[in-house]
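Colleague: Kindly generate the corresponding structure for this input.
(one chain, ligands or ions: 1)
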Amino acid sequence: MGTKEKILCVLYDDPVTGLPKKYARNSIPKLDKYPDGQSMPSPNSIDFTPGELLGSISGELGLRKYIENSGHELIVTSDKDAKDSVFDQHLPDATIVISQPFWPAYLTAERIAKAPNLKLAITAGIGSDHVDLQSAIENNITVCEVTYCNSISVAEHAVMQILSLVRDYIPQYKWVTSGGWNIADAVSRSYDIEGMDVGVLAAGRIGLAVLKRMKPFDVKLHYSDRHRLPESVETDLNLTYHENVESLVENCDVVSIHCPLHPETEHLFNEELISKMRRGSYIVNTARGKICDKDAITKALESGQLAGYAGDVWFPQPPPNDHIWRTAPNHALTPHTSGTSLSAQARYASGVREILECWFSGKSIRDEYLIVQGGSLAGTGAHSYSAGNTTKGSDEASEFKSSN
Ligand code: NAD
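Modeller: Numbers count the residues shown, from 1 in each chain. Sure, this is the predicted structure:
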């Protein structure tokens with residue numbers, strides 16, 4: 001190490017009315033460890049107040065002081081997709097790229113080819129599919145993320161959306177804000193979840209947390225994953241394990257998706273798989289937009305094969321203004337927010353600082369943070385991904401026009 005690093009950090013824009021002058025709460029809870037015992041991000045110190053907005057450009061993930069005091073250069077921008085974007089301008093001499101999945105800087109093979117000095121791509125969050133992992137493998141770029149930092153944040157969002165869909169919350173809220181009191185309209189698609197079959201595709205950190213949170217609702221729980229959970233966990237949660245995704249979807253009323261996007265899962269929820277689901281099923285996808293075929297989802301919502309679709313992930317991001325999910329019937333989608341609550345931001349900003357401290361001082365990055373290292377999948381990457389590229393089509397993000 002010892003060399004001057006050029007760190008190119010892509011973050012989402014500040015709020016349209018500027019950074020909050022006052023926050024809704026005075027503080028966020030301090031957590032000791034993650035549910036499986038993994039320790040929280042542990043940098044030597046931090047230069048931000050946990051609970052404040054760090055993920056937008058003015059927040060700079062709380063990194064500027066540390067990076068500049070360490071003798072390195074920090075460029076922060078939200079301009080990542082337009083032709084000749086700030087991101088593209090700085091990429092040729094950047095040594096480190098930091099990007100958040102919510103506003104991903106797509107590191108395609110073409111971009112990697114233009115970045116000969118790039119050695120490290122850090123995901124400030126979880127999910128590194130915005131990097132062409134095959135190309136990172138071939139170019140010996142280390143890819144890492146802040147594993148666990150927002151897994152519980154996402155699980156909470158998924159549970160909220162499962163309940164919102166089945167009970168049909170959003171249309172009911174709209175009756176209130178429009179001044180109505182139309183009970184029959186408001187309940188004509190509303191059901192209880194009690195007794196339903198609820199399944200997760202992938203029971204990793206997020207999927208397992210969703211199963212645990214759904215148990216008290218007295219539903220029948222199902223899962224499928226390429227790694228089977230310990231028998232004690234299956235017994236505790238009374239889980240039905242499915243060898244494959246077909247068996248899972250055929251036996252569920254609600255399916256929540258929690259696997260990473262990699263070549264095995266790209267467009268997995270296509271017309272054929274959705275046709276195997278029970279009529280009137282619900283899908284919640286907080287994993288990655290591209291795991292679902294956008295046209296197949298829309299068609300199933302229109303025909304009633306799906307009673308509802310929710311989640312927070314789209315492809316590309318930001319999605320073009322005419323993305324068909326924006327106007328599809330019976331959806332309850334949000335922008336990609338579940339993993340970037342103010343609580344999550346504090347954890348991933350600390351995790352990025354921890355990774356940089358390790359990198360600058362030549363120490364190894366925690367194994368659980370690694371996706372690619374030394375020319376192959378490593379750590380969590382080896383456990384949860386398969387090699388390959390899923391960034392194709394990301395250039396469509398340049399078609400988004402902010403309405404503000
Ligand atoms: P994790 O590594 O703990 O779990 C991933 C699980 O997926 C593993 O158990 C793995 O075995 C399983 N899996 C991989 N490929 C599979 C396949 N083909 N079929 C079945 N199972 C498969 O990761 P996590 O923390 O639970 O996060 C999962 C994903 O959620 C991330 O990769 C990311 O894409 C997404 N995520 C989204 C947000 C958000 O803000 N919406 C935030 C964090 C993570």
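Colleague: What is the neighbour count of the closest residue to the ligand within the stretch 51-200 of the chain?
Modeller: Ranked by CB to the nearest ligand atom, the top residue of the stretch 51-200 of the chain for proximity to the ligand is Gly127, at 3.0 Å. For glycine as for every other residue, the C-beta is placed from the backbone atoms N, C-alpha and C. By the measure other CB atoms under 10 Å, the count of residues near Gly127 is 24.
Colleague: And the residue of the chain found nearest the ligand, what's its pLDDT?
Modeller: Closest approach between the chain and the ligand, counting by CB to the nearest ligand atom: Gly204, at 1.8 Å. Gly204 is assigned 98 on the pLDDT scale.
Colleague: wait, doesn't it sit right on His258?
Modeller: Yes: counting by CB atoms under 8 Å, His258 is a contact partner of Gly204 at 6.4 Å.
Colleague: and Thr235, what helix or strand is that in?
Modeller: helix 231-237 (DSSP states H and E).
Colleague: Would you tell me whether that helix gets close to the ligand?
Modeller: No: contact of helix 231-237 with the ligand (CB under 6 Å from any ligand atom) is absent, the minimum separation being 12.2 Å.
Colleague: Kindly report the same for stretch 140-147.
Modeller: No: Stretch 140-147 lies apart from the ligand when judged by CB under 6 Å from any ligand atom; the minimum separation is 6.6 Å.
Colleague: hang on, the earlier thing: using the three-state scheme, assign the nearest residue to the residue of the stretch 51-200 of the chain closest to the ligand once chain neighbours are set aside.
Modeller: Of all residues not flanking Gly127 in the chain, Pro101 sits nearest, at 4.7 Å (CB to CB, 6 or more residues apart in numbering). Under DSSP: H, G, I helix; E, B strand; the rest coil, Pro101 falls in the coil class.
Colleague: Count the residues that sit near Pro101.
Modeller: Under the neighbour criterion other CB under 10 Å, Pro101 is assigned a count of 22.
Colleague: Gly71 too?
Modeller: The number of residues packed near Gly71 is 11, by other CB under 10 Å.
Colleague: Kindly report the same for Ser361.
Modeller: By other CB under 10 Å, the residues close to Ser361 number 11.
Colleague: Within range of the ligand, give me the residues from the stretch 151-300 of the chain.
Modeller: Within the stretch 151-300 of the chain, the positions near the ligand by CB under 6 Å from any ligand atom are 151, 154, 201-207, 224-227, 258-261, 264-265, 286-288.
Colleague: now these: which count as buried?
Modeller: For those, a neighbour count by 16 or more other CB atoms under 10 Å gives the buried set as 151, 154, 201-207, 224-225, 258-261, 265, 286-288.
Colleague: Just the ones in strands from the residues of the stretch 151-300 of the chain next to the ligand, please.
Modeller: Among those, DSSP state E puts 201, 224 in strands.
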